[in-house]
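Novice: Provided below for reference: sequence and predicted model.
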Amino acid sequence: MGKPRILWVEDSARFELANLLGPIYASNKYELVLAEDATTAARYLQTVPFDAVIMDIRIPPGRDRQWSQKYERAGSDKASAQLGLALLFWLFHSNGKQPPEWARPEKFAVFSVEEKYEIGPSLEKLGILICEEKRPGLRDTVLLDLIHTVLQYSNGHSQRK
Amino acid sequence: MPNEIDLPPLLQCFDPSYLPIAIYAVTPDGRFMICNAHARRLLQFPSEGPLDKKIGDFYADPSERQRVLERVLQAEAKGASFWQEVIHFKVAGRNLYLQNHCRSLRDPVSQELIGFIGSFVDITEEHEHSLVNKTLHQRVADLTTDIGRVLHANSSTLVMVHQALDTTIGALGPNPFHHEGLPSGDEIDAALQRPAQELAQAVAKLLDAANPEQRKEALPEVLWEELQERLPLLRDFVASIAVQESRANALRVVARRILEICERMPAQNLPKELTKETVRAAANLDRLTALISAMNARAAVIQMDYTIRSLREFIITDVRRTEKRQRLRLQHLLDTAHKQLTEFAQCSRVKIRFMPPTAEGAVVGVERDLVRALANLLHNSIKYSWHRDRGQAPWVTIRTSRQNGAVAIAFENWGVPISPDEIQNNLIFKLGYRGEWSKDRGRLGTGIGLTDSLDVAQKHGGSLKVESRPSRPRWSVTPESEDYFQQPFITTVTMILPEACD
């Protein structure tokens, strides 16, 4: 059996947040896939099964017009585009297709600067319960811990089923 | 017009009812002699019949009427034909702001004061808007000052962080990178190779040297297994860690873990030299990765420092003391702007070239604003430069020229493109706008620099011109193709200012 495959959707993964990847690679337990924009993330989510997906909310659109138009429509405050959320709604509700079989809300977590009260109602609609706020002072194992939590929760969920 | 008061002869032939504004005349004690249809509507009097209120009854502050009359009389004494001001009435509980044009009425013969005559214009809506605007302006001014203060404090914090990182980098030496700038990913990989191999070898020797009995006494088997499992990553971290930017940190986590495991090894159970060698190699890898982390953090601080300082300067432009315009040598302005960005250029490993080496000419303007505007352009040129192949350092060229009574200062760099659409539609000059291709490689920005520089140029009677074209145009790569904006562009931003006369 291979290592659990993890998708991290995060545009700062190679920059400010690169340190969070260190513990994951050092643990040697996971196969990590990075998506740094909505276009790349959408392509992965449609074509590759993941054991856990950690999603940022403020992500750039990438090349696909579908996402760049949404981004442009947000006006000058691009953060309000919340493409990460749009991507989740697209995956679970609105792309005209059933989500891939592997994609269940319990496999998803949100890791973002948005506070829970801002995005809580949307996550509730999506059925995503795990959410960690990015803030100064977090340990560099925060991403690793989040992945553990999602895997434990989603395994527990499938056993209960 | 119905009145209870007999009109003085002066007013008897005056019929203001047809006038399209509110006209009134009152006795010195405020009883209405005339109140035309417009005035009646404003003051909510019946359209006909006697008026049961005095004008003083409408003042929101009753004592204000006396002050208004005094001012009317003072104006009269100075020879003014009328007095104009905004008065605040309360009519049926509602605020009414009226522009009041008023003058005294005197008996033509005796010159005795017989009343006041005037007109009202209802400006309630405009006045209330202006009150809201005034409050908003005050709030913006307060907030601006406050943000300026916060950003100033942040700049000071960055200085402290920068100095702490300098100290840390010094303490974590020797530095294997033979320059002051931020090492590239490939340089970091190369620098990590040897320490990672040395640690892998030391761990492998330790694993080989210990016999089963020693192993059992020294550490639980699970930790020996963990040491074994760490070897592939140490031996080939480039293949094991796909994201280049996280390699140093992953190796740091591994080195720290090996140090933790070594600390649990009782000294007498294993060959002393081998444990020492392992600890030394792990500590060296830990040191080097910490050094890289500190250098990355320092580069981020240097990048953020200018962004915060220029943001503060921009924000407080309207609230700070206005500075005098003066004659300024172009070379002086460029030197000052360059000095502000020397460290950023060094850290980004971008060389600044002046062509010609000394800029001729002078301009008249506000030094602080002109320096900031030029520094914004230089900062962008450095930030949006790409590193060339074969280790050649990128450069920014600052060309200066004088022509037709103007000086032109052009900043030219090689790297991130600006699309024709963004230039032609002036998108790049919109406050807060960040270029479509400007965000690659995590470049920090506020979208203020170009807007600010254009504003400063225009306030000095100048302009800004932006050009961006592929460095080596290829016929096969058209603007419509996906790869068009993936190639390096030469971007030139030119500030043109009127030259100061000798």
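Specialist: Everything's here; your move. Residues are numbered from 1 along each chain as shown, chains lettered A, B, ... in the order given.

Novice: contacts, neighbours, all on C-alpha from now
Specialist: Noted.

Novice: Only the buried residues of whichever strand or helix holds A:Y117, if you could.
Specialist: Taking DSSP states H and E as the definition, one finds A:Y117 inside helix A:116-126. For helix A:116-126, the neighbour count (16 or more other C-alpha atoms under 10 Å in any protein chain shown) marks A:I119, A:S122, A:L123, A:L126 as buried.

Novice: Then stretch A:62-81?
Specialist: Of the residues in stretch A:62-81, those buried (16+ other C-alpha under 10 Å) are A:G62, A:W67, A:S68, A:K70, A:Y71, A:K78, A:A81.

Novice: for the helix holding A:Y117, packing partners?
Specialist: Contact partners of helix A:116-126 among helices and strands, from 3 or more C-alpha pairs under 8 Å, 6 or more residues apart in numbering or on different chains; DSSP states H and E: helix A:83-89.

Novice: what helices or strands is the helix it packs on leaning on?
Specialist: Using 3+ C-alpha pairs under 8 Å, 6+ apart, the elements in contact with helix A:83-89 are helix A:38-47, helix A:65-73, helix A:116-126.

Novice: CA-only coordinates of the next helix or strand after the longest one in PDB, if you can.
Specialist: Read it as helix A:116-126. Once helix A:116-126 ends, the next helix or strand along the chain (criterion: DSSP H and E) is strand A:130-133. C-alpha atoms of strand A:130-133 as PDB (Å, rounded to 0.1, in the frame of the first residue of the first chain):
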ATOM      1  CA  ILE A 130     -11.900  20.900  10.000                       C
ATOM      2  CA  CYS A 131     -10.600  24.400   9.800                       C
ATOM      3  CA  GLU A 132      -7.300  25.900  11.000                       C
ATOM      4  CA  GLU A 133      -6.700  29.600  11.000                       C
END
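
Novice: Can you give the distance of strand A:130-133 from its chain's centre?
Specialist: On the basis of C-alpha atoms, centre = their mean, to the nearest Å, strand A:130-133 sits 10 Å off its chain's mean C-alpha point.

Novice: Just the residues contacting that strand, thanks.
Specialist: By C-alpha atoms under 8 Å, 6 or more residues apart in numbering or on different chains, the surrounding residues in contact with strand A:130-133 are A:F108, A:A109, A:V110, A:F111, A:S112, A:V113, A:E114, A:E115, A:K116, A:L146, A:V150.

Novice: Within the sheet, what are the partner strands of it, with directions?
Specialist: Strand A:130-133 has the following strand partners under DSSP bridges: strand A:108-112 (parallel).

Novice: what about the partner strand, distance to the chain center?
Specialist: Worked out by C-alpha atoms, centre = their mean, strand A:108-112 lies 5 Å from the chain centre.

Novice: Stretch A:111-125 too?
Specialist: 12 Å.

Novice: how about the strands in the stretch 101-250 of chain B?
Specialist: Along the stretch 101-250 of chain B, counting by DSSP state E, counting those that start in this stretch, strands occupy B:113-122.

Novice: circling back: the helices and strands packed on helix A:83-89: which one's closest to B:N175?
Specialist: B:N175 lies closest to helix A:38-47 among the helices and strands packed on helix A:83-89, at 37.4 Å (C-alpha to C-alpha).
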